[in-house]
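Visitor: below is the structure, and that's it, no one-letter string:
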C-alpha cells in the first residue's frame, strides 16, 4: 500500500536583515525573501532589520526561536568576511543541530554564478527548538539562489525524498 501524496503545508516564517546601512525602504534582499516565501504559499509572521552586532542578532533570533508561532527564520546579510560580518558567530551557537549540507550546497550552486568568490560565503543553517534557520548572504542574487535552488524545496512537504517540514514544531 503506497503512502498518500503529501500536501503543501504553509509555514510561519520570520525574515531578518542584518545590516548597518539598510532601512525598510532599501532592504531589497529582505523584500526578495518575503516575496518568494509568500509566492510559495508561506506566511510572513515577523520581519526586522538589525545592525550587525552579535548580541542584537542573538536577542532577536532567540526570541523568534522561543516563539511557538515561528517555524522558519530566514536571515540575509552578515555572512561574509568584510567589516563587521558576524552572523555565523552570532547564530551558530544557538543551533541544536547544524545543517552542514546547506552551506556546502549553497557554495556549490553559487560557484556556477560567481566563480571562486563563493569561497567567501559563510552562509549556514541549523535547527534550534524545532525552528529551522537559514542564514544567507546579503545580496539579492545570493538570496534568490538560496531560495530558488535550495530552500524552497526544503520547505515544501511534497519534496521527496526529504524536506524540513516534518522537523519544525506544529
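Guide: Great, that's in hand. Please read all numbers here as calculations on a predicted model, not as lab measurements.
Visitor: where exactly do the helices run in this structure?
Guide: With helices called from DSSP state H, the chain shows them at 28-39, 54-66, 87-91, 100-114, 140-146, 152-154.
Visitor: which stretch among the ones you listed comes nearest residue 79?
Guide: helix 87-91 (5.0 Å; CB to CB). C-betas here are computed from N, CA, C, even on glycine.
Visitor: a markdown table for the helices of the chain, including mean pLDDT, mean neighbour count and distance to residue 76?
Guide: Below are the helices of the chain laid out as a markdown table (pLDDT from 0 to 100; neighbours: other CB atoms under 10 Å; distance: least, CB to CB, whole Å):
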| stretch | mean pLDDT | mean neighbour count | distance to residue 76 |
| --- | --- | --- | --- |
| helix 28-39 | 98 | 19 | 4 |
| helix 54-66 | 98 | 17 | 12 |
| helix 87-91 | 97 | 21 | 9 |
| helix 100-114 | 96 | 16 | 13 |
| helix 140-146 | 97 | 20 | 5 |
| helix 152-154 | 98 | 17 | 15 |
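Visitor: redo the ones you listed as a markdown table? Include distance to residue 168.
Guide: Formatted as a markdown table, these follow (distance: least, CB to CB, whole Å):
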| stretch | distance to residue 168 |
| --- | --- |
| helix 28-39 | 14 |
| helix 54-66 | 11 |
| helix 87-91 | 17 |
| helix 100-114 | 15 |
| helix 140-146 | 18 |
| helix 152-154 | 11 |
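Visitor: which one, of these, ends up nearest to residue 47?
Guide: With distances scored as CB to CB, the stretch of those nearest to residue 47 is helix 28-39 (6.6 Å).
Visitor: now the closest one: how far from the chain's centre is it?
Guide: In terms of CA atoms, centre = their mean, to the nearest Å, the gap separating the centre of helix 28-39 from the centre of its chain is 11 Å.
Visitor: kindly report the same for stretch 26-33.
Guide: On the basis of CA atoms, centre = their mean, stretch 26-33 sits 13 Å off its chain's mean C-alpha point.
Visitor: all good on my end, thank you.
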